[in-house]
Structure formats: C-alpha cells, structure tokens
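**Q** Dropping a prediction and its sequence here:
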Amino acid sequence: MPHHKLIARLLAVGPVSERDRDALRNMRYSVRNLADAEYAVRVGDRPSSCTIVLAGFLSRQRVVSDRMQISSFYLAGDMPDLPSLHLPVMDHDLCSVGPSTIALVKHSDVRAMLQESTGLLNAFWRETLIQGAVYREWVDNLGARQALPRVAHLICEIATRLEFVGLVEQNSFNCPLTQEDVANACGLSIVHVNRTIQELRRRGLIDWRGRTLELLQRQEFEEVAEFDAAYLHGLDRPHE
C-alpha cells in the first residue's frame, strides 16, 4: 500500500492530520515492479502520473559529457517527480537501482487531493523544498569534500532517510548500490570508490556485504563524513 511509507515520510518532517492521512490511504494508484536498471520515466517523457517509491531505490540521473551522473537517490516513501505536476517535460531519467516497486497516482487525482486539503498542499510543498535542500547538499559534497568523506556522507544520508521510514535496524539496512552507482553519484572512478570503501572497512566504520550495509561506529562515521542531518529537516520525535 503506497500510503504507509509515504505517510511515515511526511510525518518525519512535519505534521499530517488524520483527515489528510485518510485522503492518502484512499487515493487511487497502480503498482509497477521495476527490474534493476529499468526506467520509471525518461528524459523527454511527459508523465501523467506522480511516482511513489514503495520499495527499493530509484536514481535521478542523466548523461553529462558521456558520463552517467546521478544527482539523487529516492527511497521508500519518496515522491521523486512531484515537479511533473507543473513541469510537464522530464529533464532527467528516473531509474531503478536494483529491483524496486513504485505506485503511480494520476496527476488529476493528486491535484484534486491538494485542492481539497491545504495541509497536504503544504506537506507536498515542504517535500519539494527538502528535495531542493538535499540537492544543494549534494552539490556541496561533490564540490568541496575529498573522496573519503564524500562517499561516507552519501551513506550517512541514505541511512538517515531510511530511518525516517523505519527501514534501519540496529544501524543496518538494505543497500542495493553498486560501486559504479556510488561512483556515478560521487563523481569518482570505480577504482577510487573501491579504495575508499576498503579504507572505511579497514577503519572498522562499515561492514558492507552484498546488499546489507551496517554502520559499525555511527558517531565516528558521521564525523568522518562531516555529516550534519539538519538539511534533511527531520523532526526529533518518533512517528507512526
């Protein structure tokens, strides 16, 4: 059900009334399962629906100077293409990283829901603002940090965002990213990413086996990453 993680995501950063939660529970949707590297939408598409990530990861990406550049990852509860309500032509691809499941909600239904509720209108507007804050942090990460804190910062962000929707258990979570994905997100070569991850392992900061990533010394790891979660605007209280 698409509303579960979406409500958890919205509650992690602000209030959502019970009436608005009911509206999200009752929205119409279709479900689509994506294979690894399968596209949800492509550059130039004119989507008629908004996407909700139900499970797995999506990447926002496009080819720049013959190199694939990932500019964001979207996790369970995220709505990566909310701007398509007002910007009709996609200027980037949304691609599945590993297998994923998405829900599609027609633009007309989203607009009707927002017209009925200023609370949801504000919640979705807040989501677009937070996505903008995340994008600015990615620019800073790429432009100012060395490889080790750059990669560590990406991992810290993913862990924190997964915590918002209850998908981290004892600092361990499912992470389908390959070293190529990390390289494309961090502007590094695959060789450099491999060396960086090995260094993080050598320091005893992470254990990354297959699709499971565990943060072994969370506080020290965040210090290495120069990570401050303030830009994610999470609330310091538990949610449903």
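**A** Arrived safely, thanks for sending.

**Q** only C-alpha atoms for contact and neighbour calcs from this point on.
**A** Fine.

**Q** What is the subsequent helix or strand relative to the strand or helix carrying A23?
**A** Taking DSSP states H and E as the criterion, A23 maps to helix 18-25. Next along the chain after helix 18-25, taking DSSP H and E as the criterion, comes strand 30-34.

**Q** still on that earlier bit, can you show me the CA trace of the helix holding A23 as CSV?
**A** As requested, the backbone C-alpha atoms of helix 18-25 are provided in CSV (Å, rounded to 0.1, in the frame of the first residue of the first chain):
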residue,chain,number,x,y,z
GLU,A,18,-5.7,12.2,10.5
ARG,A,19,-8.1,13.6,7.8
ASP,A,20,-5.1,14.0,5.4
ARG,A,21,-3.8,10.6,6.2
ASP,A,22,-7.2,9.2,5.3
ALA,A,23,-7.1,11.0,2.0
LEU,A,24,-3.7,9.4,1.3
ARG,A,25,-5.0,6.0,2.3
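
**Q** secondary structure class for R195?
**A** Taken by DSSP: H, G, I helix; E, B strand; the rest coil, the conformation at R195 corresponds to helix.

**Q** An error on my part: the question was meant for W138.
**A** helix.

**Q** For it, grab the count of nearby residues.
**A** 19 (other CA atoms under 10 Å).

**Q** hmm, back to that, okay, buried residues for the helix holding A23 please.
**A** Of the residues in helix 18-25, those scored as buried under the neighbour-count criterion (16 or more other CA atoms under 10 Å) are 20-21, 23-24.

**Q** and it, what other elements does it pack with?
**A** Contact partners of helix 18-25 among helices and strands, from 3 or more CA pairs under 8 Å, 6 or more residues apart in numbering; DSSP states H and E: helix 2-11.

**Q** how many degrees apart are the helix it packs on and helix 18-25 in direction?
**A** 140 degrees (axes from the mean of the first three to the mean of the last three CA atoms, to 10 degrees).

**Q** So in that sheet, which strands flank the longest strand seen in the chain, and in what orientation?
**A** Ranked by residue count, the top strand of the chain under DSSP state E comes out as strand 49-64. Strand partners for strand 49-64, identified by DSSP bridges, are recorded as strand 67-74 (antiparallel), strand 93-106 (antiparallel).

**Q** For that strand, what is the distance to the chain centroid?
**A** In terms of CA atoms, centre = their mean, to the nearest Å, the centre of strand 49-64 is found 8 Å from the chain centre.

**Q** cool, stretch 120-135 as well?
**A** 13 Å.

**Q** which residues are contacting that stretch?
**A** Under the contact criterion CA atoms under 8 Å, 6 or more residues apart in numbering, stretch 120-135 has outside partners 10, 14, 16, 20, 71-72, 82-83, 113-115, 231-233.

**Q** top of those residues by neighbour count?
**A** Among the contacts of stretch 120-135, L10 has the most neighbours (other CA under 10 Å), with 23 neighbours.

**Q** unless I'm mixing things up, that residue is touching R21, no?
**A** No. With contact defined as CA atoms under 8 Å, L10 does not reach R21; the gap is 9.8 Å.
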